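Peer 1: Using only what follows, build the 3D model:
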Amino acid sequence: MTHTPDDPHKPLRDDVRLLGQLLGQTLEEQAGAELLETVESLRRLAKSARGGREEDFAALSTRLEKMPVDQAVSTARAFAHFLSLANIAEQHHRIRRRRAYRADPEAAPQRASFEEAFAGMLESGVSADALVDAVASLDIELVLTAHPTEVMRRTLMQKYRRIAELLAARDRPDRTLPEQEEQLEALCREIHAVWETDELRHAKPTPVDEATWGFVVIEQTIWQVLPRFLRDLDRALHKATGRRLPLEAAPVRFASWMGGDRDGNPNVTPDTTRRVCLLARWMAADLLHREVKELRSELSMRECSEELRRQVGRVREPYRVYLREVVARLEATRDRIEAQLDGREPGSAPGYDSAEPLAEALRLCHRSLLETDEDRIADGRLTDVIRQVSCFGLSFLRLDLRQESARHTAVLDAVTRELGLGSYAEWDELRRIEFLEGELQSRRPLFPRDMDWDDEARDVIETLQVAAEQPTGSLGAYVISLASHASDVLAVELLQKEAGVTPSLRTVPLFEKVADLRACGETLDRLFSVEAYRERAGGRQEVMVGYSDASKDGGRLAAAWALYSAQETIVEVSGRHGIEVTLFHGRGGTVGRGGGPIDLAVQAQPPGSIQGRLRVTEQGEMIQAKFGLPGIALRTLELYATSTLRSSLNPAVEIPDAWRTRMQQLADTSRASYREWVDDAEFIEYFRTATPVDDLGALNIGSRPARRKSGGGGLESLRAIPWIFAWTQMRLMVPAWLGIGAAFEQAMNDGGRDELQAMYAGWPFFRSTLDLVEMVLAKGAPGIAARYDDRLVPEELQPIGERLRGLHARTAELLCQVTGHAELLDGNPVLRRSIDVRNPYVDPINLVQVELLRRLRQAEGDDPRLREALMLTINGVAAGMRNTG
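Peer 2: A predicted model of the protein is given here:
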């Protein structure tokens with residue numbers, strides 16, 4: 001299959017058609033012709049209904065309502081599998097299109113590629129020296145988290161990956177006829193296997209399971225993609241400036257929360273953290289052992305430098321002799337960690353305790369090759385391995401710890417009571433800071449080592465004791481959830497000191513409520529004024545801003561502005577105190593949780609807030625979407641790098657004060673409207689009856705409970721993920737747009753239409769925010785949402801749904817007036833088509849879900865058969881919507 005310039009998307013349509021045909025063949029062979037005929041007739045009805053034939057929508061609904069459960073489940077599975085196959089085809093087509101760009105010498109560089117970005121920056125006045133310095137100092141860290149939004153089982157991901165590889169093989173123009181037949185048969189076999197595989201997890205994953213899944217993503221793709229990414233960067237930089245990337249540059253690194261994030265998750269214990277750190281180090285040692293063995297095989301040269309000769313003597317193959325010990329030490333490192341994991345006594349063979357001796361051994365080989373004019377050999381696998389060591393070290397993924405601020409307060413409260421000092425929890429902020437500063441400077445222990453703790457306090461203390469045991473580099477930051485005061489940071493610093501964590505982990509406050517975001521400048525100002533803390537911080541501070549809870553707290557528009565303003569404040573306060581700040585963005589996959597395309601997300605940040613440094617979470621289903629296939633992972637890393645560079649080097653756009661005033665008005669109005677809705681007890685009851693929110697826990701997609709604390713059914717205790725997930729399932733995505741229509745309505749009534757249009761045209765933050773909201777509104781399906789109301793919602797609450805659907809339509813209309821689009825996604829026809837193609841396949845799954853929810857709620861007691869069927873439809877809708885929470 002070849003690239004077709006006149007119709008670049010024809011190969012995608014061909015792939016989708018082929019996969020659909022093979023799925024149909026599988027259905028017919030495995031489930032009978034009747035199922036295939038049913039699926040096809042329902043698809044035609046759904047497509048016709050989407051074309052405006054209301055009678056066909058009614059017919060579709062009626063047929064699905066009357067179906068026996070088993071038939072309805074098979075039907076929903078068929079539609080869900082088609083959507084998953086279409087997702088694979090789309091991902092592969094993205095890779096195909098990228099390769100087509102890069103294979104065509106006449107084509108312009110791909111948007112946001114290194115070539116396009118470097119040329120644009122140099123043309124805009126950035127000097128070559130400034131560009132080289134910015135590239136060399138890039139500091140991007142992507143933090144993989146176990147947020148429960150990945151509904152697909154790992155075994156299915158592996159099968160879909162093989163399908164993607166087979167699609168790639170079919171693109172080769174020189175395939176022989178036997179190869180074509182073999183590839184087609186292999187596709188049939190994989191799709192057959194997918195159909196026969198259970199889609200559901202029947203037990204919750206443990207935090208160690210989640211961490212292991214994260215390791216697999218790194219091992220299968222990122223480990224090999226990272227050197228390719230750095231080669232691409234080096235090549236583009238050399239072409240643009242004549243300069244090369246430093247040998248040990250690590251512009252992108254990876255960290256993890258899997259096994260360290262204990263906020264609201266009692267399943268993450270100190271032993272969990274210890275075990276995950278060991279597993280990560282084992283993985284690093286194992287992968288590097290494989291790499292250096294291959295490297296030793298390649299480096300068969302006879303000549304070497306005098307420096308290397310002094311290490312090995314007069315031998316025929318100096319590199320192989322020298323690297324034999326490196327291989328042995330890596331093997332000993334791996335075996336020693338394996339013994340610790342198994343509870344055995346480790347062996348005595350010397351291994352590596354840190355990455356530096358390994359890195360130096362590889363650097364010595366590199367210097368020797370350069371000295372003997374073997375530059376080409378030095379720039380091969382050896383350079384790749386050096387860069388893998390530079391990025392991953394011997395810790396593989398640095399593990400962050402995260403805990404809620406109240407847990408640290410409780411520990412210190414227990415201490416002050418034990419010491420007869422009163423209740424720390426009842427002290428005001430000034431008294432807390434005075435106490436904490438004094439103890440940070442004190443040399444005596446704060447509390448006896450045998451102090452009797454309650455279970456929650458013991459967990460905090462033992463977690464920090466585990467942190468103190470870890471080799472340098474195994475752990476990253478200590479993130480404090482729901483941080484709101486300077487004392488929250490000082491408390492963790494003191495507890496680290498008492499536990500003997502040396503060097504201490506970066507203590508990172510996470511501001512996530514709108515009120516805390518607004519007050520973060522005052523909080524940091526007070527923190528940076530504490531001399532004892534300034535000494536420990538060393539002139540650097542990391543601050544995390546949370547998108548999920550901010551949006552759940554105040555609505556999408558108010559949260560976006562609160563986050564933007566908070567970041568400006570953080571940068572200003574840090575600069576005033578001479579502190580170099582790194583912002584850590586806690587983004588989810590959906591727009592309601594700060595998600596969206598990488599370049600739009602970075603573009604939306606305030607000028608001066610990045611400066612070459614960016615830390616961001618990659619959560620749940622987005623890890624697989626962005627890093628599951630090598631070609632996609634390569635493009636993801638490129639987008640992060642070019643977006644960060646552009647944000648750091650491009651001149652800042654001056655924002656008129658009038659726009660800021662208008663934005664504050666929009667935020668205030670939208671938040672007031674949003675809170676008016678969500679503070680209404682009837683609205684919360686509507687949410688619980690119209691969506692499957694109370695059923696999501698049965699999905700077994702994560703180790704963490706859906707609520708921060710047991711008990712309570714209100715919005716405050718519900719985590720942001722199920723809040724978004726449930727609305728996404730019934731296709732109204734309320735959290736991403738609620739309140740925005742009211743804000744636009746008021747602004748336009750005040751004569752602000754022209755100003756809003758100017759803001760959209762001239763302010764990257766405002767434009768990207770609205771573009772993301774537009775995407776969510778376009779994905780909405782009010783007609784499907786109405787069906788949930790009709791079948792599930794008590795009559796007295798149904799007017800709430802009617803009002804929401806009216807607001808959805810009005811918000812879309814007002815948004816188009818601001819953007820100048822004739823209809824939603826007028827400027828993004830590819831996405832518009834992707835949504836339109838999916839709708840006739842997602843709609844039937846929704847209608848089956850509605851009926852299953854109705855039957856479950858009417859059943860006497862729990863019906864496992866219905867419950868399992870419902871879970872299958874939740875998976876199917878998630879596949880169609882391309883995200884969950």
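Peer 1: okay, which residue of this protein is out on the far edge from center?
Peer 2: Relative to the centre of the chain, and counting by Cα atoms, centre = their mean, the farthest-placed residue is R314 at 52.1 Å.
Peer 1: quick one, strands of the protein?
Peer 2: Assignment of strands within the chain using DSSP state E yields the ranges 139-145, 252-256, 398-404, 475-481, 506-511, 540-546, 580-586, 613-619.
Peer 1: Which one, of those, ends up nearest to E429?
Peer 2: When the strands of the chain are ranked by proximity to E429, the top entry is strand 506-511, at 14.0 Å, counting by Cβ to Cβ. Heads up, the C-betas are built off the backbone N, CA and C, glycines and all.
Peer 1: got the contact list for the closest one?
Peer 2: Residues external to strand 506-511 that are found in contact with it (Cβ atoms under 8 Å, 6 or more residues apart in numbering): 402, 476-484, 488-489, 492-493, 496, 517, 520, 523, 540, 542-546, 566, 584, 586.
Peer 1: are any of those buried, and which?
Peer 2: For the contacts of strand 506-511, a neighbour count by 16 or more other Cβ atoms under 10 Å gives the buried set as 402, 476-484, 488-489, 492-493, 496, 517, 520, 523, 542-546, 566, 584, 586.
Peer 1: so how far is L634 from the most centrally placed residue in the chain?
Peer 2: In the chain, the centroid-proximal residue (Cα atoms, centre = their mean) is E618; its distance is 1.8 Å. Here the criterion is Cβ to Cβ, to the nearest Å. By it, E618 lies 15 Å from L634.
Peer 1: got it, and T38?
Peer 2: Applying Cβ to Cβ, one obtains 41 Å for the distance of T38 from L634.
Peer 1: what residue ranges in the chain score low on pLDDT?
Peer 2: Within the chain, the stretches with pLDDT under 70 are 1-6, 147-152, 588-596, 697-719, 883-885.
Peer 1: pull the longest helix from it.
Peer 2: As far as residue count goes, and with DSSP state H defining each element, the longest helix of the chain is helix 69-103.
Peer 1: Check which helices and strands that helix is in contact with.
Peer 2: Secondary structure elements in contact with helix 69-103, counted by 3 or more Cβ pairs under 8 Å, 6 or more residues apart in numbering; DSSP states H and E, are helix 10-31, helix 33-50, helix 154-170, helix 177-195, helix 630-649, helix 829-858, helix 864-881.
Peer 1: what does the third one rub up against?
Peer 2: Residues outside helix 154-170 that contact it (Cβ under 8 Å, 6+ apart): 1, 15, 19, 84-85, 88-89, 91-92, 95-96, 175, 179-180, 183, 186-187, 190-191, 193-194, 197, 199, 213, 216, 220, 624, 628-629.
Peer 1: let's go with 6 Å and repeat that
Peer 2: Contacts made with helix 154-170 from outside it, assessed by Cβ atoms under 6 Å, 6 or more residues apart in numbering, are listed as 1, 15, 88, 92, 183, 186-187, 190, 193-194, 213, 629.
Peer 1: Same check on the fifth one?
Peer 2: Surrounding helix 630-649, the residues in contact under the criterion Cβ under 6 Å, 6+ apart are 91, 95, 98, 112, 117, 121, 126, 134, 140, 221-222, 225, 229, 252, 598-599, 602, 610-612, 614, 626-627.
Peer 1: can we see that at 7 Å?
Peer 2: For helix 630-649, the surrounding residues in contact (Cβ atoms under 7 Å, 6 or more residues apart in numbering) are 91, 94-95, 98, 112-114, 117, 121, 126, 130, 134-135, 138, 140, 221-222, 224-225, 228-229, 232-233, 251-252, 598-599, 602-603, 605, 610-612, 614, 626-627.
Peer 1: Flag every buried residue along stretch 740-758.
Peer 2: For stretch 740-758, the neighbour count (16+ other Cβ under 10 Å) marks 740-748, 752, 755-756, 758 as buried.
Peer 1: Could I get these in CSV, plus columns for distance to R63?
Peer 2: As requested, the buried residues of stretch 740-758 are exported to CSV (distance: Cβ to Cβ, whole Å):
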residue, distance to R63
I740, 37
G741, 35
A742, 39
A743, 42
F744, 40
E745, 40
Q746, 45
A747, 45
M748, 44
G752, 48
E755, 50
L756, 45
A758, 50
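Peer 1: so I386 sits right up against L364, yeah?
Peer 2: No: contact criterion Cβ atoms under 7 Å: I386 and L364 do not qualify, at 10.8 Å.
Peer 1: Same drill for the two, tell me which one is more crowded.
Peer 2: More neighbours sit around I386 than around the other of I386 and L364, counting by other Cβ atoms under 10 Å; the figures are 21 against 17.
Peer 1: one step back: would CSV of the helices and strands packed on helix 69-103 with mean neighbour count be doable?
Peer 2: As requested, these are arranged in CSV below (neighbours: other Cβ atoms under 10 Å):
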stretch, mean neighbour count
helix 10-31, 17
helix 33-50, 17
helix 154-170, 18
helix 177-195, 15
helix 630-649, 22
helix 829-858, 20
helix 864-881, 22
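Peer 1: Which one of the ones you listed lies nearest to D261?
Peer 2: Ranking the helices and strands packed on helix 69-103 by proximity to D261 (Cβ to Cβ) places helix 154-170 first, at 19.6 Å.
Peer 1: Would you mind putting the CA coordinates of that closest one into PDB?
Peer 2: As requested, C-alpha coordinates have been extracted for helix 154-170 and formatted as PDB (Å, rounded to 0.1, in the frame of the first residue of the first chain):
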ATOM      1  CA  ARG A 154      -2.900  -5.700  28.900                       C
ATOM      2  CA  THR A 155      -3.400  -9.000  27.000                       C
ATOM      3  CA  LEU A 156      -5.700  -7.200  24.500                       C
ATOM      4  CA  MET A 157      -3.200  -4.300  24.200                       C
ATOM      5  CA  GLN A 158      -0.500  -6.800  23.100                       C
ATOM      6  CA  LYS A 159      -2.900  -8.300  20.500                       C
ATOM      7  CA  TYR A 160      -3.800  -4.900  19.200                       C
ATOM      8  CA  ARG A 161      -0.100  -4.000  19.000                       C
ATOM      9  CA  ARG A 162       0.500  -7.100  16.800                       C
ATOM     10  CA  ILE A 163      -2.400  -6.000  14.600                       C
ATOM     11  CA  ALA A 164      -0.700  -2.600  14.200                       C
ATOM     12  CA  GLU A 165       2.600  -4.300  13.300                       C
ATOM     13  CA  LEU A 166       0.800  -6.400  10.600                       C
ATOM     14  CA  LEU A 167      -0.800  -3.200   9.200                       C
ATOM     15  CA  ALA A 168       2.700  -1.700   9.000                       C
ATOM     16  CA  ALA A 169       4.000  -4.800   7.200                       C
ATOM     17  CA  ARG A 170       1.200  -4.500   4.700                       C
END
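Peer 1: Now do that helix against helix 10-31, angle only.
Peer 2: Between the axis of helix 154-170 and that of helix 10-31 there is an angle of 130 degrees, by axes from the mean of the first three to the mean of the last three Cα atoms, to 10 degrees.
Peer 1: the inter-axis angle of helix 154-170 versus helix 69-103?
Peer 2: Interaxial angle, helix 154-170 versus helix 69-103 (the same axes, to 10 degrees): 40 degrees.
Peer 1: how much distance is there from helix 154-170 to the middle of the chain?
Peer 2: On the basis of Cα atoms, centre = their mean, to the nearest Å, the separation between the geometric centre of helix 154-170 and that of its chain is 22 Å.
Peer 1: again, but for stretch 397-417
Peer 2: Between the mean C-alpha point of stretch 397-417 and the mean C-alpha point of its chain there is a distance of 25 Å (Cα atoms, centre = their mean).
Peer 1: Tell me the buried residues in it?
Peer 2: By neighbour count, with 16+ other Cβ under 10 Å as the criterion, the buried positions of stretch 397-417 are 397-405, 407-416.
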